[in-house]
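Participant: Make a model of this:
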Amino acid sequence: LLGRIEVFASGRYRSSEGVRTVLAGKTSLRGLDLFHESMLEAAPGKDIVYSAVSGFFWEASALKTQAYGEYAYLGGSVYPKDHRLALAMALELAAKPRMRLKLGTKWEHAFTDASGSLTPALIAYPFPHVSIALGVPLLYGADDSIYVTKSEDPAKRRLSLALAATISAQY
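Facilitator: Now for the predicted structure:
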């Protein structure tokens, strides 16, 4: 039912930055990988800042499907009560010896200002260690919202087409 539970802790102190700590844990529950990470920062002369992220990862090899989700509270953010959600899913459409093809989507949402992005994508793996992704990011929210202002598009378009190629290697 419940898998092995792993707990990690770390901390650092620098006189100019103060104390930074991380406490994290992970386990699995009936094939669902779960994780949580809490961070504390205590800088000299400033309030203590707490941030946290929790989430899951699920994979069904028979269905060739993967799902990921995380919920984050960003205590040190410039936005008040910065809570965010991210969900992603990928489905393998074809797995031929020379070409793998996946269909995926990612949704990110900021509760602070009701902004976010939804990105459906098609990902091809034409060669070992090479992927090509074609996505259609759709941004929503006010013009001064988190996801609209953090967009890397200089024209701040709400709908665009993105192409990415990745080459990776193991060493």
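Participant: what helix or strand is the residue nearest to R12 when sequence neighbours are not counted on?
Facilitator: Spatially, and ignoring its direct neighbours in sequence, R12 is nearest to R20 (4.9 Å; CB to CB, 6 or more residues apart in numbering). Backbone N, C-alpha and C define where each C-beta goes, glycine included. Assessed by DSSP states H and E, R20 sits inside strand 18-29.
Participant: quick one: pLDDT of A62?
Facilitator: Per-residue confidence (pLDDT) for A62: 82.
Participant: And the helices in this structure?
Facilitator: All helices of the chain, identified by DSSP state H, fall at 146-149.
Participant: Strands along that one, start to end?
Facilitator: For the chain, the strands defined by DSSP state E occupy 6-14, 18-29, 32-42, 49-60, 65-73, 83-96, 99-110, 115-127, 130-135, 138-140, 162-167.
Participant: Now V136, what are its backbone angles?
Facilitator: Phi and psi for V136, reported as degrees, to the nearest 10, are phi -130, psi 90.
Participant: Based on its surroundings, how many neighbours for it?
Facilitator: Neighbour count of V136, defined by other CB atoms under 10 Å: 14.
Participant: next one: T21
Facilitator: For T21, using other CB under 10 Å, the count is 14.
Participant: residue contacts, the closest residue to it other than its chain neighbours?
Facilitator: Nearest residue to T21 in three dimensions, chain neighbours excluded: G11, at 4.3 Å (CB to CB, 6+ apart). Contacts here follow CB atoms under 8 Å, 6 or more residues apart in numbering; on that basis G11 touches V19, R20, T21, V22.
Participant: list the contacts for the first one?
Facilitator: Okay, so that is V19. So V19 contacts G11, R12, Y13, L40, E41, A42 (CB under 8 Å, 6+ apart).
Participant: Show the model's pLDDT score for it.
Facilitator: Taking V19 on its own, its pLDDT is 94.
Participant: And it, how close does it get to L74?
Facilitator: Using CB to CB, to the nearest Å, V19 is found at 19 Å from L74.
Participant: cool, the second one as well?
Facilitator: Using CB to CB, R20 is found at 15 Å from L74.
Participant: what is the residue nearest the centre of the chain paired to in the beta sheet?
Facilitator: The centre of the chain sits closest to A86, judged by CA atoms, centre = their mean, with a distance of 6.0 Å. Going by DSSP bridges, A86 is paired in beta bridges with E70, E108.
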